[in-house]
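Enquirer: Provide a 3D model corresponding to the input given below.
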Amino acid sequence: MRVLVIGAGALGGYYGACLVRAGADVTFLVRSARAEQLRRDGLRVTSPHGDFAVQPKIVLANELKEPFDVVLVGVKAYSLDDAMSQFAPAVGASTMILPILNGLKHIDALTARFGAGHVLGGLANVSAGLDADGRVVQFMANQTIVFGETKGALSERVLALEKLLRVPGIDVRASDTIMQDMWEKFVQLSTLAGITCLMRASVGDILIVPKGEELIFRLFAEHCAVATASGFEPRAPFIEFDRKLFTTQNSPLKASMLRDIERGSVTEAEHILGDMANRGRALGIETPMLDIARAHVAAYEVGRQRAAS
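Expert: Next up, the predicted model:
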């Protein structure tokens, strides 16, 4: 299979580099500045599992002329519209689009643009970012991709893609319940983003303060209520995993959204917190903690935009 990875940032860069290292036919669609950097330095990964570098195949948007078998989309949500326009020539009659963005809203956008038959559901569990030198830095050992048909069942194409992705550095699982999986990830992420951005602190620091744990789980309960009302009640193993995740003393865990705020960067707040709040409102679910967290990050965005102008 020929794979087109959209971007060479934290997600696309990490998973794409692992595929290249394993000998897969991978091309990265990047902007000119990133292309120049990759040609000069290669695609470098710093990882708890061992550092490595590959020399990637690169294409610019105006050079993209032919379809690929797989389009792996790992851009930030606020870049998705531009990315769809850029990779549209790569989508042929049998192309699979595998998005590993946070949240759920992007599934609707990709389906509207390319049709439901092209779009898989997917999620990534990897803690990574780009450093100042353009290296992909994997902060923690997790490195999972879960994906599947949005309507369920394990199709032949999904099983073939699972085989392709089963390489060192990627823990891959094809799922026949991907929308349930994505909803649970949405609940987890929106809780982590909401509470760490609202408190401007890691989970470990929040647990130290008065009522810190109570506030985490108030927000968690709101998100679980929205998921349940949407037809995707979180399963018991997920609840237990997140209860441990959010009660780990001295945990340095914080959302990438908070790291964006700390850098003064644009965030995915409306794609994550805003979308969860809007879904809750449409279903008549009260989300007071979420509304505060959403407003908090929205106020940050107003100030950031004012400063930029």
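Enquirer: From now on I want contacts and neighbour counts done on CA atoms only, so please keep to that.
Expert: Fine.
Enquirer: And the helices in the stretch 151-300 of the chain?
Expert: 156-165, 178-199, 203-208, 212-229, 236-245, 256-263, 269, 275-282, 288-308 (DSSP state H, counting those that start in this stretch).
Enquirer: what helices or strands is the second one leaning on?
Expert: Packing contacts for helix 178-199, counted by 3 or more Cα pairs under 8 Å, 6 or more residues apart in numbering; DSSP states H and E, involve strand 120-130, strand 136-149, helix 203-208, helix 212-229, helix 256-263, helix 288-308.
Enquirer: Any chance of JSON lines for these, columns mean pLDDT?
Expert: Shown next, in JSON lines, are these (pLDDT from 0 to 100):
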{"stretch": "strand 120-130", "mean pLDDT": "89"}
{"stretch": "strand 136-149", "mean pLDDT": "90"}
{"stretch": "helix 203-208", "mean pLDDT": "98"}
{"stretch": "helix 212-229", "mean pLDDT": "98"}
{"stretch": "helix 256-263", "mean pLDDT": "93"}
{"stretch": "helix 288-308", "mean pLDDT": "97"}
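Enquirer: returning to that earlier point: out of the helices of the stretch 151-300 of the chain, which comes closest to Thr27?
Expert: helix 156-165 (14.7 Å; Cα to Cα).
Enquirer: Would you mind reformatting the helices of the stretch 151-300 of the chain (as TSV) and adding columns for distance to Tyr15 and mean neighbour count while you're at it?
Expert: Output for the helices of the stretch 151-300 of the chain, formatted as TSV (distance: least, Cα to Cα, whole Å; neighbours: other Cα atoms under 10 Å):
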stretch	distance to Tyr15	mean neighbour count
helix 156-165	9	16
helix 178-199	19	23
helix 203-208	27	20
helix 212-229	29	19
helix 236-245	24	12
helix 256-263	18	17
helix 269	24	24
helix 275-282	27	18
helix 288-308	29	16
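Enquirer: I'd like to know which of the helices and strands packed on helix 178-199 lies nearest to Val54.
Expert: strand 136-149 (11.7 Å).
Enquirer: Give the partner strands of the closest one in its sheet and their orientations.
Expert: With DSSP bridges as the test, strand 136-149 is paired with strand 43-46 (parallel), strand 120-130 (antiparallel), strand 171-174 (parallel).
Enquirer: Dump those into a markdown table; add mean neighbour count and distance to Met140 as well.
Expert: Listed next are the strands paired with strand 136-149 as a markdown table, based on neighbours: other Cα atoms under 10 Å; distance: least, Cα to Cα, whole Å:
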| stretch | mean neighbour count | distance to Met140 |
| --- | --- | --- |
| strand 43-46 | 21 | 11 |
| strand 120-130 | 21 | 6 |
| strand 171-174 | 18 | 14 |
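Enquirer: okay, those strands in JSON lines with distance to Asp69 next?
Expert: JSON lines is the format used below for the strands paired with strand 136-149 (distance: least, Cα to Cα, whole Å):
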{"stretch": "strand 43-46", "distance to Asp69": "22"}
{"stretch": "strand 120-130", "distance to Asp69": "13"}
{"stretch": "strand 171-174", "distance to Asp69": "17"}
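Enquirer: And these: which comes nearest Pro67?
Expert: strand 120-130 (17.0 Å).
Enquirer: How about residues contacting that closest one?
Expert: Identification of contacts with strand 120-130 by Cα atoms under 8 Å, 6 or more residues apart in numbering yields 9-11, 14, 96-102, 107, 136-150, 178-179, 182, 185.
Enquirer: Just the buried ones from the residues you listed?
Expert: Burial by neighbour count, 16 or more other Cα atoms under 10 Å: within those this picks out 9-11, 14, 96-102, 107, 136-138, 142-143, 145-150, 178-179, 182, 185.
Enquirer: just checking, Val3 is part of a strand?
Expert: Yes: Val3: assigned to a strand according to DSSP: H, G, I helix; E, B strand; the rest coil.
Enquirer: Pop the domain breakdown of this protein in here.
Expert: 2-176, 181-308 (automatic domain parsing).
Enquirer: Endpoints of the first one, how far apart?
Expert: In domain 2-176, first residue to last residue: 24 Å (Cα to Cα, to the nearest Å).
Enquirer: The residue nearest to Ala153 when sequence neighbours are not counted - how many residues pack around it?
Expert: Excluding the flanking residues, the one nearest Ala153 by Cα to Cα, 6 or more residues apart in numbering is Asp176, at 4.6 Å. Neighbour count for Asp176, taken as other Cα atoms under 10 Å: 18.
Enquirer: now Asp176: how far from Ala229?
Expert: For Asp176 relative to Ala229 (Cα to Cα), the value is 21 Å.
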